[in-house]
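1. sequence plus the predicted model coming up.
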Number of protein chains: 2
Amino acid sequence: MSDLEPIITKVEDIGWDARLAKRTHGMKSSVIRELLKVTLQPDMISFAGGLPAPDLFPLREFEEACQYVLQHQGEVALQYGPTEGYSPLKEFLAEKMSKYGILVELENILITNGSQQGLDLIGKVFVDPEACVICSRPTYLGALQAWDAYEARYCTVPLDDEGMCIDELPAILDADHHHRFIYVLPNFHNPAGTTLPLERRKQLVEIARQHDLVIIEDDPYGELRYEGEDITPIFRLAPERTLYLSTFSKTLAPGIRLAWVVAPKPIIAKLVQAKQGADLHTGTFVQMVANDICQRGFLRQHVKRLCEIYHKRRDAMLDALAEHMPEEVSWTRPQGGLFLWARTCDRINTRDFLDKATAAKVAYVPGFAFYPGESGGFHSMRLNFSYCKEELINEGIYRLGIAMKEELA
Amino acid sequence: MSDLEPIITKVEDIGWDARLAKRTHGMKSSVIRELLKVTLQPDMISFAGGLPAPDLFPLREFEEACQYVLQHQGEVALQYGPTEGYSPLKEFLAEKMSKYGILVELENILITNGSQQGLDLIGKVFVDPEACVICSRPTYLGALQAWDAYEARYCTVPLDDEGMCIDELPAILDADHHHRFIYVLPNFHNPAGTTLPLERRKQLVEIARQHDLVIIEDDPYGELRYEGEDITPIFRLAPERTLYLSTFSKTLAPGIRLAWVVAPKPIIAKLVQAKQGADLHTGTFVQMVANDICQRGFLRQHVKRLCEIYHKRRDAMLDALAEHMPEEVSWTRPQGGLFLWARTCDRINTRDFLDKATAAKVAYVPGFAFYPGESGGFHSMRLNFSYCKEELINEGIYRLGIAMKEELA
């Protein structure tokens, strides 16, 4: 190998930057994923990720399902499959959606490689450069990352303890007419933990109809409700104009990358075309394994168990915040999901403060990451309560509280 | 459920077309995937797909690997993972690339959800609307589909029995200066089955250096060589400007959707950013399963077995063509891979003739599918020889020959 030069590793070598598409200027690495590297330190208590609890993964069920699928349908499971997704899994999902009173046919569903791919395909199909996406501030960082790559602009409305302030929509709709869609996370918002009440959902649908807008309803956590009653999905209220996204990442496991989009048939057909070019299809094997687990009726009992445990962890975090936080700090009280949103005071910039927090071996995601163009959230942070057990949650919030009090002293 | 309206299913309902991004105008469904529906008829002999033989899938090895991974590393396997890919699998791939005399570090590799995703991410990172991609005619249909979505134009050079006619490159390079990269399938070209000789590879690299061009080297079949010696990859000749793609789809199984890109580090960094927005990461579980199979040294012996069997199938197809085809028909003689390319005569339009072929229960892909803008290939067809066993290959080519002779009579 002595005659070999290693491959060139410096940007300067052939001037890569000049060759890249214009859209790459808007791409940047996710703050969260960079942060995750810090959180790998063994004694770090991390409230930063959006990670489900690994000790709750149904390993035995996965093992049985893998064995069953490979022994009985192995030649199908390892072969190419349809872009639309594995039909029996789509049948399961259609049936599952009926609990919300939504009548879904197989042609209304596309299986994706995680919800992130659903967001990306929506960007590909709807977002021209400079087209405007309407969302709350803060909003889900992964959606911003998906649509930044298509050179989206963002028109934002604020968010209060009941989620997106729908009242403020008409003003921005009147001001700008190049809107593509409105992006909503109605249940247990990421990052804010808020839930949009039925009245606001109805109001949103009315405005969307008046202005003839498309709605993207992102619902990764809907099944993880710890108190209160399910609220009618927006998709149920405006099926003609809503694209509904959900995922197995929070209920089964994220490492299999399985999610789905439900939408009117012509839109699914366009998303299928986009997905053909993007990755041909979602893995046949993992779809069949997930389908086997679901068809055995395991998912419902597993979600129930997850809810019991995450409920306790949410309570542990709320209790710890009440006990350890300085009085300047406030937070949302989520009815479900994985996150809550804490507001510090003007004297704490959560981006700068992160160094002090990680020095005290506790991590969170600073609020600016959830604002388009990093235009806000300087005094807020997202805290995840699903990943750590109760004792660690209490210890982590204690450390965070101490560090904040020192900062404010 | 009686009060529910089904979700709206007609394009006209809210006028979806007007809402879609401009780039969707260039998207269309793959001819191959539409064709696959016809080939599902039970008595059809299909030379249409690019399918590996399902009877050769290593089901037992997959079963053992799934069990091992879930029992020993289950909490990692089902959790989120890094966008770049699972490090031990990248180490295996780096080592594997060294057989070509290429020194690869982990930061030079990105694991993708099939090679199709590699092509898509390359489009996202390099292709501005109206940017020009240089390729052979015919070329791989999946690449066209990936880059059509980014509104690429194509500048093409013809292909002969030794692959892309490199001699013709300078003329098109002088005529147009908005080129992004040149796309090559040097080994066992899809669809043509041709292999680019070393001299042409060197000539290509020289021209690329003169014109300061990036090269995309797509090598899904390189390991499936049935005769002759391996030829130095272009990546080895021009590591500073080549992006090399390969896949597990043809060696292990396509249903796990695992492939990789090797490139200079700054390019991998950009592709990683694009992948974060596109689907966060490739499934952790399938990467760990594939890694387990590979680390046990199974891949090499399995590829050897595949080569023995596919070699016989290639020979069976070549023999059957010689025996059953009318004299007007000629074809390439691939040294490896899955496909050969047959040229009929001006009197047979392979698109129209497909109806007659499928009526005779034999299927192929008409040549026009492999030409940008469907601008050629009207008298050619791609034939796959990996999927069917020898007896069926002979029977299928016999049927095709009869149908052609009738057409020409």
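-> Great, that's in hand.

2. how about low-confidence regions in the stretch 1-150 of chain A?
-> Residues of the stretch 1-150 of chain A meeting the criterion pLDDT under 70: A:1-13, A:30-36.

3. mind doing that once more with 90?
-> Across the stretch 1-150 of chain A, the stretches falling below the confidence threshold (pLDDT under 90) are A:1-20, A:22, A:24-42, A:49-51, A:97-103, A:130-131.

4. then the stretch 201-350 of chain A?
-> Within the stretch 201-350 of chain A, the stretches with pLDDT under 90 are A:212.

5. at which residues are the strands of it located?
-> Assigned by DSSP state E, counting those that start in this stretch, the stretch 201-350 of chain A shows strands spanning A:214-218, A:242-247, A:259-262, A:330-331, A:339-343.

6. can you redo those strands as CSV with mean neighbour count and distance to chain B?
-> Using the backbone N, CA and C atoms, a C-beta is placed for each residue, glycine as well. Supplementary listing: the strands of the stretch 201-350 of chain A in CSV, determined by neighbours: other Cβ atoms under 10 Å in any protein chain shown; distance: least, Cβ to the nearest Cβ, whole Å:
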stretch, mean neighbour count, distance to chain B
strand A:214-218, 25, 6
strand A:242-247, 25, 9
strand A:259-262, 26, 8
strand A:330-331, 16, 25
strand A:339-343, 23, 15
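
7. contact residues of the stretch 251-400 of chain A facing chain B?
-> Contact residues, the stretch 251-400 of chain A versus chain B (Cβ under 8 Å from any Cβ of the partner chain): A:253-257, A:262, A:264-267, A:270, A:272-274, A:276-286.

8. buried ones among the residues you listed?
-> When neighbours are counted using 16 or more other Cβ atoms under 10 Å in any protein chain shown, these contain these buried positions: A:253-257, A:262, A:264-267, A:270, A:272-274, A:276-286.

9. spit out the contact partners of whichever residue of the stretch 301-409 of chain A sits closest to chain B.
-> Across the stretch 301-409 of chain A, the shortest distance to chain B (Cβ to the nearest Cβ) belongs to residue A:387, at 9.9 Å. Contact partners of residue A:387, counting by Cβ atoms under 8 Å, 6 or more residues apart in numbering or on different chains, are A:46-47, A:49, A:51-53.

10. same thing but at 6 Å, please
-> For residue A:387, the set of contacting residues under the criterion of Cβ atoms under 6 Å, 6 or more residues apart in numbering or on different chains consists of A:51, A:53.

11. on the pLDDT front, check it for me.
-> According to the prediction, residue A:387 has pLDDT 94.

12. now it: phi and psi?
-> Dihedral angles phi and psi of residue A:387 (degrees, to the nearest 10) take the values phi -80, psi -40.

13. do the one 4 residues further on as well
-> Reported as degrees, to the nearest 10, the phi and psi values for residue A:391 are phi -60, psi -40.

14. select the longest helix from chain A.
-> Secondary structure of chain A per DSSP state H: the longest helix is helix A:298-324.

15. domain ranges for chain A?
-> Taking automatic domain parsing as the domain assignment, the record places the domains of chain A at A:11-57+A:301-408, A:75-296.

16. can you point out the buried residues in stretch A:90-105?
-> A:90-94, A:96-97, A:100, A:102, A:104.

17. quick one: it near chain B?
-> Yes - applying Cβ under 6 Å from any Cβ of the partner chain, one finds stretch A:90-105 in contact with chain B at A:101, A:103.

18. and residue A:304, how many neighbours?
-> For residue A:304, the neighbour count with other Cβ atoms under 10 Å in any protein chain shown is 10.

19. also residue A:106?
-> The burial count for residue A:106: 14, using other Cβ under 10 Å.

20. quick check: it touching residue A:88?
-> No - between residue A:106 and residue A:88 there is no contact under Cβ atoms under 6 Å: 10.0 Å.

21. quick one: contacts for residue A:317?
-> With the criterion set at Cβ under 6 Å, 6+ apart, residue A:317 makes contact with A:385, A:393.

22. could you report the separation of it from residue B:105?
-> Summarising the geometry, the distance separating residue A:317 from residue B:105, computed by Cβ to Cβ, to the nearest Å, is 41 Å.

23. same thing with residue A:392?
-> Residue A:392 is 36 Å from residue B:105, where distance means Cβ to Cβ.

24. what do you get for residue A:213?
-> 48 Å.

25. next, residue A:28: secondary structure please.
-> Here residue A:28 takes the coil state, with states given by DSSP: H, G, I helix; E, B strand; the rest coil.

26. and it, how many neighbours does it have?
-> 15.

27. I'd say residue A:44 and residue A:362 touch.
-> No - taking contact to mean Cβ under 6 Å, the distance of 7.2 Å between residue A:44 and residue A:362 leaves them out of contact.
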